[in-house]
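Q: No sequence on hand, only this structure:
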């Protein structure tokens, strides 16, 4: 298999098909595109999510925090704690470990999140540092939001801009190459996109306006996230490519590496299904968060992307373009 998420067909037959035990306490079970699992706890729900950072070792503590915080936010929950696993290759230094922890705890302090524990290890099983985070959140049971909640006729909103995470990683990992091809200010601007990776504020405003589905846009990019939300919800889509928000820096970087920005890892962007698309965009704007209504859900299984007169059909997500760019 190729680097990145396993294909949806493999995930279904070799992973999800094997998960035969279904506990009554579980409100949201494992499924395609679901960011979190949800457990009943009296009148409340406990939300759990886990994610590793594998695409880069730079600023890995900060990335690891935001990836999991975003997953919890996509359920509508408040993040209360995290557990951290850090596995480092032989030759790693204590200073490197200390820097990871300083980056994680700085974010934890900003969001009032407790680091509940975890595991640290030096291992020959990895050739670069791997950080995996499990997040724990909480909210009233009746307020839980799923990826699978999108309904025909509802608006589809994308917050901020796609490709922020991938652009930032490439600007840092391939800075020298990019500065040979692009003006330095474009590369420096893209490096700063990591300040935009949190969708916690986006989700909070969306919950106040009213949503039926949320999904943070990560590996597989916006096309992957659209497919996963539609697949989980058993609906079709009609999306206008020109309405999907994207920064010029991302376009320029993707052209250098000859990759598709719509298939590039995009933490910092939230995909939202709502009855109130225009109102949500306006409320996000008041908070200084850029967003756009990019399309709507339809009956059936056709997932269509329109670009002027051209029409294409979405396909299940493949290997993220970040990995292809990093291999060049």
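A: Yes, it's here. What you see is a predicted model; the values in this text were computed from it and never measured.
Q: list the buried ones in stretch 121-134?
A: By neighbour count on 16 or more other C-beta atoms under 10 Å, the buried set for stretch 121-134 is 126, 129, 130, 131, 132, 133, 134. All C-beta spots, glycine's among them, are computed from the backbone N, C-alpha and C.
Q: So for stretch 115-124, mean pLDDT?
A: Stretch 115-124 carries an average pLDDT of 95.
Q: go on, stretch 267-284?
A: Average pLDDT, stretch 267-284: 97.
Q: So what would you say the end-to-end distance of that stretch is?
A: Using C-alpha to C-alpha, to the nearest Å, the end-to-end distance of stretch 267-284 comes to 17 Å.
Q: for this structure, what spans make up the strands?
A: Using DSSP state E, the strands found in the chain span residues 26-28, 37-41, 44-53, 78-88, 114-122, 130-140, 155-159, 213-216, 236-240, 270-274, 291-298, 303-307, 310-313.
Q: mind checking how far the spatially most central residue of the chain is from residue 22?
A: In the chain, the residue lying closest to the centroid (C-alpha atoms, centre = their mean) is residue 218, at 3.0 Å. Distance of residue 218 to residue 22, given as C-beta to C-beta, to the nearest Å: 26 Å.
Q: likewise residue 109?
A: Relative to residue 22, residue 109 is positioned 38 Å away (C-beta to C-beta).
Q: Ok, residue 315 next?
A: In terms of C-beta to C-beta, residue 315 sits 30 Å off from residue 22.
Q: When these two are compared, which one has more neighbours?
A: residue 315 (11 against 8; other C-beta atoms under 10 Å).
Q: so who does the more buried one touch?
A: 223, 227 (C-beta atoms under 8 Å, 6 or more residues apart in numbering).
Q: Over to it: give its phi and psi.
A: phi -120, psi 160 (degrees, to the nearest 10).
Q: Do you know the pLDDT at it?
A: Predicted confidence (pLDDT) for residue 315: 89.
Q: cool, and the one 4 residues further on?
A: On the pLDDT scale, residue 319 is placed at 85.
Q: So what's the residue count around it?
A: Neighbours around residue 319, by other C-beta under 10 Å: 16.
Q: repeat for the one 5 residues further on
A: Counted by other C-beta under 10 Å, the residues lying close to residue 324 total 19.
Q: The nearest residue to it once chain neighbours are set aside: how many residues sit nearby?
A: Leaving aside its chain neighbours, residue 324 sits nearest to residue 259 (5.8 Å; criterion: C-beta to C-beta, 6 or more residues apart in numbering). Per other C-beta under 10 Å, the neighbour tally for residue 259 reads 22.
Q: need the contact list for residue 259.
A: Contacts of residue 259 (C-beta under 8 Å, 6+ apart): 321, 324, 325.
Q: again, but for residue 159
A: Contacts for residue 159 were tallied using C-beta under 8 Å, 6+ apart; they are 199, 202, 269, 270, 272, 284, 289, 290, 291.
Q: what's the pLDDT at residue 55?
A: 68.
Q: start at 161 instead
A: All set: I'll call the first residue 161, so the last point we hit is now residue 215.
Q: Output the below-cut-off pLDDT ranges for this protein.
A: Scanning the chain for pLDDT under 70 picks out the ranges 215.
Q: From residue 189, how far out is residue 180?
A: From residue 180 to residue 189 the distance is 11 Å (C-beta to C-beta).
Q: Neighbour count for the two, which is higher?
A: Neighbours were counted for residue 180 and for residue 189 using other C-beta under 10 Å; residue 189 has more, 13 against 5.
Q: Provide a complete list of residue ranges assigned to helices in the stretch 261-410 of the chain.
A: In the stretch 261-410 of the chain, the helices defined using DSSP state H, counting those that start in this stretch lie at 324-333, 335-341, 344-351, 360-369, 381-393, 408-417.
Q: Show me what the first one is packed against.
A: Packed against helix 324-333 by the contact rule (3 or more C-beta pairs under 8 Å, 6 or more residues apart in numbering; DSSP states H and E) you find helix 344-351, helix 408-417, helix 481-486.
Q: okay if I get the contacts of residue 419 as JSON lines plus distance to residue 203?
A: Shown next, in JSON lines, are those (distance: C-beta to C-beta, whole Å):
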{"residue": "481", "distance to residue 203": "43"}
{"residue": "484", "distance to residue 203": "47"}
{"residue": "485", "distance to residue 203": "47"}
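Q: so who does residue 400 touch?
A: Here residue 400 is in contact with 454, 455, 466, 467 (criterion: C-beta under 8 Å, 6+ apart).
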